[in-house]
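# Take this sequence and fold it.
(chains A and B)
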Number of protein chains: 2
Amino acid sequence: MKRHLDDLFELLSIPSVSADPAHKADVQRAAEWLKAKLEAIGFAAEMVPTDGHPIVYAERIVDPKAPTVLVYGHYDVQPPDPLELWETPPFEPTVRDGKLYARGASDDKGQFYAHIAAVSDLGADLPVNVKFVIEGEEEIGSPNLVPFVRAHAARLAADAVVISDSPMFAPGLPTLTYALRGLAYLEVQIEGAARDMHSGAYGGAVPNPVHAAAWMIAKLKDEDGRILIPGFYDKVRPLSQGERLMWRELPFDEAEFARSVGVEATPGEPGYSVLERRWARPTLDVNGIWGGYQGEGAKTVIPARAGFKFSMRLVPDQDPEEVYAMTERYLQEIAPEGYRVRILRHHGGRPVLVLIDSPPMQAAARALEAAWGRKTVFTREGGSIPIVAEFQDLLGAPVVMMGFGLNDDNLHAPNEKLDLVNFEKAVEASRNFLRILPEHLG
Amino acid sequence: MKRHLDDLFELLSIPSVSADPAHKADVQRAAEWLKAKLEAIGFAAEMVPTDGHPIVYAERIVDPKAPTVLVYGHYDVQPPDPLELWETPPFEPTVRDGKLYARGASDDKGQFYAHIAAVSDLGADLPVNVKFVIEGEEEIGSPNLVPFVRAHAARLAADAVVISDSPMFAPGLPTLTYALRGLAYLEVQIEGAARDMHSGAYGGAVPNPVHAAAWMIAKLKDEDGRILIPGFYDKVRPLSQGERLMWRELPFDEAEFARSVGVEATPGEPGYSVLERRWARPTLDVNGIWGGYQGEGAKTVIPARAGFKFSMRLVPDQDPEEVYAMTERYLQEIAPEGYRVRILRHHGGRPVLVLIDSPPMQAAARALEAAWGRKTVFTREGGSIPIVAEFQDLLGAPVVMMGFGLNDDNLHAPNEKLDLVNFEKAVEASRNFLRILPEHLG
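Residues are numbered from 1 along each chain as shown, chains lettered A, B, ... in the order given. Next comes the predicted model:
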C-alpha cells in the first residue's frame, strides 16, 4: 500500500489541467507516466493521439478465453483556482487526518489508480484480461473519447466496464450506481418588435417577448413540477416497488437535505420522495433567462428580444431524440402569435440503466461487501455521464459504476481530497472483483 | 435660427446622463450652461440644489398683472447605450437629411429649448410673464421635482403650464396632447436554494426561481393582454364615443403601424383599436428579466436567484397608490411556496386628463395651427410625465402639452433625432402662443 500511495502521489504531483493550454505538456507528462507505470506491471500500453490530449490505452491479456474487464478513468483534472483557498498546494499531495489532499485525488486519479494498484497486487494471479482506457479530456467534455471507442470497438470488447468516478452514498457505505439520467438541452430565442420600444408610448400594442417566454415556460412545467409536453412521460419506466423500498432504507433525511441546500421546502412532483425525484423521475429546469433591462433602478422598455435555455433530465426509457422532437413540436405550438421564435438544440445524452442482476453487478456487490464488511447499496444518480451510455451500447457490456469518492470530496473546488481508507478499500474491492468475476460470469 | 441651433448643439454636447453617477459633473455643467443662457436673454435664473441634480429655475416678469406661462422641461437625458449602434456619437450633434441626431435631441433638450429661443426672439415684445422650470432628473423619475413645486407653489403660480416633451401625431400635423397614462413600476426578486445547484444532481428536488418568475408573470397578464390583478380595471374611465370618433379621423393605419415596429401582429386587449389600447387602456409589461446562465452554449445549473421588473401604465381615474397596493397583495398571493420573494416599488405617477376647452388649450391650438397651416388635432399619449399631474394639482393651471417630436425620433434608443423643421415650427408656435395667450385668457 505504501508503494501504491507513493506512485499515486507522483501522479497527483503532475498538474494535468486539460482546460488550460499552459498545462498541455503536463497533461502529456501524466499520460507518459501512466503508460510507463502500466508497462512496468506487465501491460502493453500506448498513448493514442487525438485532436486534443492523448488517450492512454493498455491491456493485459492473460488468456483470450478468459473474461475481460475494461476500466475507464481520466487522468486530467479541473483547474485548481482559486489557489489561495487551498490549505496545501493542489499539486503537492498531502495527508492530513487520514485524508489525501490534492487536485485529482478523488476526481479521478485516486479512483482509477486503485484499479492499477489492484492489478499490480494480483500480479501473476490475475484471472481475467484487463483493458484500461484512461482519457485526458473528461473535464473538457470528452470530445475525442466516443470517436475512439467507436473506432476501436472490437479491440475494446469486454464483459464488463468498470468506472470509478462517482461518490459513495455515505461514508463506509459500499455503493454501486446503476442508473444515470440523460439530458436534452434546448434554447428558445424570441423576437417581438424590431427594436426595444418605449413601454409608455407602445404598451398595449406591441408584443413583449418576455411575456411570451413566461407563458411558454409556464406551459412547459406546472407549479406541481409536472412537465406538460404531450407524450413526455410515455416512455418513463415506472419506479419499481423494490427500488422504492431499497431507497427508503438509505440514510437520507429530507429535512436535512433541504437545510443543506438552504431551502425550506423541496417542491417537486407530488407522490415522489426527494431521492426518487432526483434519481428516477425526469425533470425540466430553465437554466437561464434574459430579456430587457437588468440593471439597477427602472427602465421603461418593451424588450425586442428575450430568450431562455432549459434542459430536461431524462430517465429510462426516454430517448433524447424523441424528446427533442416532441419538445420542439410543442414549443412551436405554444409559441404565441406575433412573435418570431427560434429553437436551438444544445448537447444531449441518453439515460442509462444497468441491470442490478447482471453478473458483473452481482460480482461487484460481493467484492465491495467483502472489502467494507457492509452490505452494498444500489443507488442511481441524477446527473449524466454521456460516455456510460456509449460504452454500454458500443461494447454491449454492463457498466459497473463503483465509486469510492465521498460527497464532501470538494470536486471541482479547493481542497479536493480522498479519504485514505476509501483508497485502500477501493484497491481491495477491485482485487476482489477481478478475482471473483469469472465465477459470476460462469 | 442659426444662433439658436448653435446654442442647442452646445447643450446637446453635454452628456447629462442623470442615471449614471459617472456623469454627475456633466449634469451639473448642463444646468450651469442653461442658467447662463437664460440670464443672457434677460431672465433672473438660479440653480436650485436638490438631493440629486439641480433644478434650473428662471423667470422674467414683464408685468405682475400680465398672464403668466410656466414652461417645464428637462435637461437630463437617457443613457446612450448601446453605443455601437449609433451612426454618429450620441454627444456629437450631427445634422443629416434635415434631422438633428444626438441623445436628447427630441427628449427633451431640443423641445424645451424652442421656448427659450421663442422668448429670446420676442425680446422686449414679450406680452406675458414667463417662468422656466428645467429639471435634471426626469429620466430617473423626477424624485426632487414635486418637493420643489410643492415648496415653491406660490412663486411658480401660472395661468398655463407648457410642456413640450411629446410627439406630434404625424409629421406636419400640429398636435395637442390632452391626456397621459400614469405609471406604477415594480421589481420582484425571487430566491430559491442558497447557491446555484447542479441541475443533474438536484433537478426535481430544489426550487427554480426562473419558473417561479414565469408562473407569476403568466398570472399577471394573459395571452389576450388582459391584466389579471383583481380590481385592476375597477376605476378605469371608459372611452367616450366622442373620443373614439375623433381618433378614427386621425391618419393612422394599424397595418402600417405593425410594419413600422417590425411585427406582423399587434397583440392586445380585444375590442380596442391600437390607438385606444395605447392611449386609453391600462397595460402591464415586463421591462426586464434575469436569472441563471445567459452566456453562449449550455450550463447545467439551477439558478439560486431570478427576478423581473414590470410596469403598469394607468389611465384616468386609476390611482397609482391603490394599484401598487392591489398588485403587491396579488403578487404575495401568487408567489409559489418554497421561494423567498421580495417586492420593490420603483417610481410611479398619476394619469392626467386636461380639458380641451380650457382657454390655454384653445390658444395653443390656434398658435400651432398658424405655425403649421393645418388644423390642430387632439390626442392622448401612452407614456407618463408624472409631473404633469403634479403641476395641474399644485398650481391649479391647465397643462398644455405641445409636442414637437415625431414617433420615429428613437427616444431612449440609439440614433435619437429631432427633425429640424419641427424645431423651427416649435419656435414659431411658441412665439404665437405667448403673443395670443392674453387674448384667450381675456
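# quick one: contacts for the residue in the stretch 301-442 of chain A that chain B sits nearest to?
Chain B sits closest to A:Gly383 of the stretch 301-442 of chain A, with a gap of 3.1 Å, by Cβ to the nearest Cβ. C-beta: built from backbone N, CA, C; applies to glycine. Neighbouring residues of A:Gly383 by Cβ atoms under 8 Å, 6 or more residues apart in numbering or on different chains: A:180-181, B:198, B:200-201.
# Let me know the closest of the residues you listed to A:Phe252.
B:Ala201 (13.6 Å; Cβ to Cβ).
# That closest one contacts A:Ser384, doesn't it?
No - applying Cβ atoms under 8 Å, one finds B:Ala201 not in contact with A:Ser384, separated by 9.9 Å.
# Who has more neighbours out of those two?
A direct count of neighbours by other Cβ atoms under 10 Å in any protein chain shown for B:Ala201 and A:Ser384 places A:Ser384 higher, at 27 against 20.
# Settle this for me: the more buried one is touching A:Arg313, isn't it.
Yes - using Cβ under 8 Å, A:Ser384 makes contact with A:Arg313 at a distance of 7.2 Å.
# avg pLDDT for the helix ranked longest in chain A?
Scanning chain A for the helix with the most residues, using DSSP state H, yields helix A:420-441. The average pLDDT for helix A:420-441 rounds to 98.
# burial measure for the nearest residue to A:Gly349 once chain neighbours are set aside, as a count.
Spatial nearest neighbour of A:Gly349, excluding adjacent residues (Cβ to Cβ, 6 or more residues apart in numbering or on different chains): A:Pro386 at 3.8 Å. Using other Cβ under 10 Å, A:Pro386 is surrounded by 19 other residues.
# does A:Pro386 really touch A:Ser142, like I thought?
Yes - under the criterion of Cβ under 8 Å, A:Pro386 makes contact with A:Ser142 at 7.4 Å.
# Now do the phi/psi pair for A:Arg278.
phi -80, psi -30 (degrees, to the nearest 10).
# Do you know the pLDDT at the residue nearest to it when sequence neighbours are not counted?
In this structure, A:Arg278 finds its nearest non-sequential neighbour in A:Gly382, 4.2 Å apart by Cβ to Cβ, 6+ apart. A:Gly382 is assigned 94 on the pLDDT scale.
# Wait, A:Gly382 touches B:Gly204, no?
Yes - counting by Cβ under 8 Å, A:Gly382 does reach B:Gly204; the two are 7.2 Å apart.
# So between those two, which is more surrounded?
Using other Cβ under 10 Å, the more surrounded residue of A:Gly382 and B:Gly204 is B:Gly204, with 29 against 24.
# wait, what's in contact with the more buried one?
For B:Gly204, the contacting residues are A:225, A:268-269, A:272, A:277-278, A:281-283, A:313, A:382, by Cβ under 8 Å, 6+ apart.
# Could you say which of the residues you listed is surrounded by the most neighbours?
Counting by other Cβ under 10 Å, top hit in those: A:Arg313 with 30 neighbours.
# Could you tell me which residues make contact with that one?
Contacts of A:Arg313 (Cβ under 8 Å, 6+ apart): A:181-183, A:282-283, A:285, A:382, A:384, B:199-200, B:203-204.
# all helices for chain A, in order.
Using DSSP H, helices in chain A cover A:2-12, A:24-40, A:109-122, A:145-151, A:199-202, A:209-220, A:241-248, A:254-261, A:274-279, A:320-334, A:359-372, A:386-395, A:420-441.
# what sits up against the second one?
The contact list for helix A:24-40 (Cβ under 8 Å, 6+ apart) reads A:7, A:10-11, A:14-18, A:45-47, A:53-54, A:56, A:58, A:75-76, A:116, A:132, A:134, A:136.
# Next step: those restricted to strands.
Assigned to strands by DSSP state E, the following of the contacts of helix A:24-40 qualify: A:45-47, A:56, A:58, A:132, A:134.
# Of the residues you listed, just say which sits nearest to chain B.
A:Ile134 (23.5 Å).
# ok, A:Val56 touching A:Thr50?
No - with contact defined as Cβ under 8 Å, A:Val56 does not count as touching A:Thr50 (11.1 Å).
# More neighbours: those two, which one.
Each of A:Val56 and A:Thr50 has its neighbours counted (other Cβ under 10 Å); A:Val56 has more, 26 against 16.
# Now for the more buried one: which residues touch it?
For A:Val56, the contacting residues are A:31, A:34-35, A:38, A:45-48, A:75, A:132-136, by Cβ under 8 Å, 6+ apart.
# The residues you listed, buried ones only, as a PyMOL selection?
Selection of buried members from those for PyMOL, criterion 16 or more other Cβ atoms under 10 Å in any protein chain shown:
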select buried, chain A and resi 31+34+35+38+45+47+75+132+133+134+135+136
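# returning to that earlier point: who touches the residue nearest to A:Gly349 in this structure?
A:142, A:146, A:183, A:347, A:349-350.
# Let me know the pLDDT of it.
pLDDT recorded at A:Pro386 is 79.
# now do A:Val71
At A:Val71, pLDDT is 98.
# burial measure for it, as a count.
The tally of other residues near A:Val71 (other Cβ under 10 Å) stands at 26.
# Just give the nearest non-adjacent residue to the residue most central in space within chain A, would you?
Geometric centre of chain A, nearest residue: A:Ile385, 3.7 Å, by Cα atoms, centre = their mean. With sequence-adjacent residues excluded and distances taken as Cβ to Cβ, 6+ apart, A:Ile385 is closest to A:Leu180, at 5.7 Å.
# cool, and A:Trp86?
Per Cβ to Cβ, 6+ apart, closest to A:Trp86 is A:Pro414, 4.8 Å.
# same thing with A:Gly98?
A:Leu420 (5.2 Å).
# can you tell me which residues contact A:Asp63?
Residues in contact with A:Asp63 (Cβ under 8 Å, 6+ apart) are A:Asn129.
# Counting neighbours, what do you get for A:Ala154?
Neighbourhood size, A:Ala154 [other Cβ under 10 Å]: 7.
# and it, backbone torsions?
The phi/psi pair for A:Ala154 (degrees, to the nearest 10) is phi -70, psi -40.
# Okay, it and A:Val130: tell me how far apart.
Distance from A:Ala154 to A:Val130, counting by Cβ to Cβ, to the nearest Å: 17 Å.
# same deal with A:Gly204?
When distance is defined by Cβ to Cβ, A:Gly204 is 71 Å away from A:Val130.
# Same check on A:Gln318?
The value you get for A:Gln318 to A:Val130, if Cβ to Cβ is used, is 34 Å.
# Report the residue ranges of every domain in chain A.
Domains of chain A are assigned by automatic domain parsing as A:2-180+A:351-441, A:182-236+A:282-349.
# Against A:Ala45, how distant is A:Trp33?
Per Cβ to Cβ, A:Trp33 is found 11 Å from A:Ala45.
# right, I mislabeled it, should have said A:Gly442
Relative to A:Ala45, and taking Cβ to Cβ, A:Gly442 is found at 31 Å.
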